[in-house]
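S.K.: got a structure for you, letters missing:
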């Protein structure tokens, strides 16, 4: 049977999500904790968003498969559901920088990666260093020049829609760089922090931080509002686009369809190699 985990983590002290020999990763910590609680070897986890080193997550999702016997044994003599029991037990063995919020039985058609409809990230920038809350230093990037947020927002919105985002992705052999950017906006919050929201059906490696890096020069007045779209239209990696620091980025939410048929349909759609119309 399949179990969905909703979880969050502070990425500061992790070398990203994916297991890497000799490095501390979210996947390894979570799998090890699940193995202890479930009394099985560390299970294989499929995640909805593979974050890089230093990137945070407030709304990540993964799935694992367990036997009905293991799942049913979780509550012990208590009257808790297996999911509630798993969350409570994980709290006792996970490090403080990882929190599992929910554990839910889901249909076999659910796939944390391929069933996802969209993923939403935020990015925090402080252009007024004297006003930075020191308690937020681990998730906020400081820039030295003042930012014109309205210009950043206009430049970001010009990138929305279906297009080839090769200019903002690290190339991977055989992988498509065609994505649908559903939302890319910028605003200044009540504390004066410049906050970007980036939402897409899926992302390429380093795509979000490169998208942010394309609009920051616009906010600083070093590039025109039209520059990010011009870079995108060339569809080749531009060395002038800075990949922004990881710690300003947070995975906020992954959205899934409801119902087994919709999950299965979305899985097939996600696995298909995408291309632009007419290509």
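M.R.: Perfect, I can see it now. Just so we're clear, the structure is a prediction, and the values are computed from it rather than from any experiment.

S.K.: show me the helices in the chain, by range?
M.R.: Counting by DSSP state H, the chain has these helices, from start to end: 26-38, 68-72, 82-93, 149-157, 207-219, 227-234, 260-271.

S.K.: so the first one versus helix 82-93, what angle?
M.R.: Think helix 26-38. Interaxial angle, helix 26-38 versus helix 82-93 (axes from the mean of the first three to the mean of the last three Cα atoms, to 10 degrees): 110 degrees.

S.K.: where are the low-confidence patches of the stretch 151-279 of the chain?
M.R.: Per-residue confidence for the stretch 151-279 of the chain (pLDDT under 70) gives these ranges: 174, 278-279.

S.K.: ranges for the strands of this protein?
M.R.: Applying DSSP state E to the chain gives strands spanning 2-9, 46-47, 56-65, 98-106, 118-126, 141-142, 161-164, 178-188, 194-200, 249-255.

S.K.: export those strands to a markdown table and tack on mean neighbour count?
M.R.: (C-beta placed from N, C-alpha, C; glycine too.) Putting the strands of the chain into a markdown table (neighbours: other Cβ atoms under 10 Å) gives the following:
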| stretch | mean neighbour count |
| --- | --- |
| strand 2-9 | 20 |
| strand 46-47 | 19 |
| strand 56-65 | 22 |
| strand 98-106 | 17 |
| strand 118-126 | 21 |
| strand 141-142 | 17 |
| strand 161-164 | 16 |
| strand 178-188 | 18 |
| strand 194-200 | 22 |
| strand 249-255 | 21 |
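
S.K.: so residue 270 sits against residue 114, correct?
M.R.: Yes - using Cβ atoms under 8 Å, residue 270 is in contact with residue 114, at 4.2 Å.

S.K.: re earlier: ok, which of the helices of the chain comes nearest residue 127?
M.R.: helix 207-219 (7.9 Å; Cβ to Cβ).

S.K.: returning to what we had before: let's have the strands of the chain in JSON lines, adding distance to residue 78.
M.R.: Shown next, in JSON lines, are those (distance: least, Cβ to Cβ, whole Å):
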{"stretch": "strand 2-9", "distance to residue 78": "18"}
{"stretch": "strand 46-47", "distance to residue 78": "29"}
{"stretch": "strand 56-65", "distance to residue 78": "22"}
{"stretch": "strand 98-106", "distance to residue 78": "15"}
{"stretch": "strand 118-126", "distance to residue 78": "35"}
{"stretch": "strand 141-142", "distance to residue 78": "44"}
{"stretch": "strand 161-164", "distance to residue 78": "49"}
{"stretch": "strand 178-188", "distance to residue 78": "42"}
{"stretch": "strand 194-200", "distance to residue 78": "39"}
{"stretch": "strand 249-255", "distance to residue 78": "30"}
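
S.K.: picking up where we left off before, shared neighbours of residue 270 and residue 114, anything?
M.R.: Shared contacts of residue 270 and residue 114 (Cβ atoms under 8 Å, 6 or more residues apart in numbering): none.
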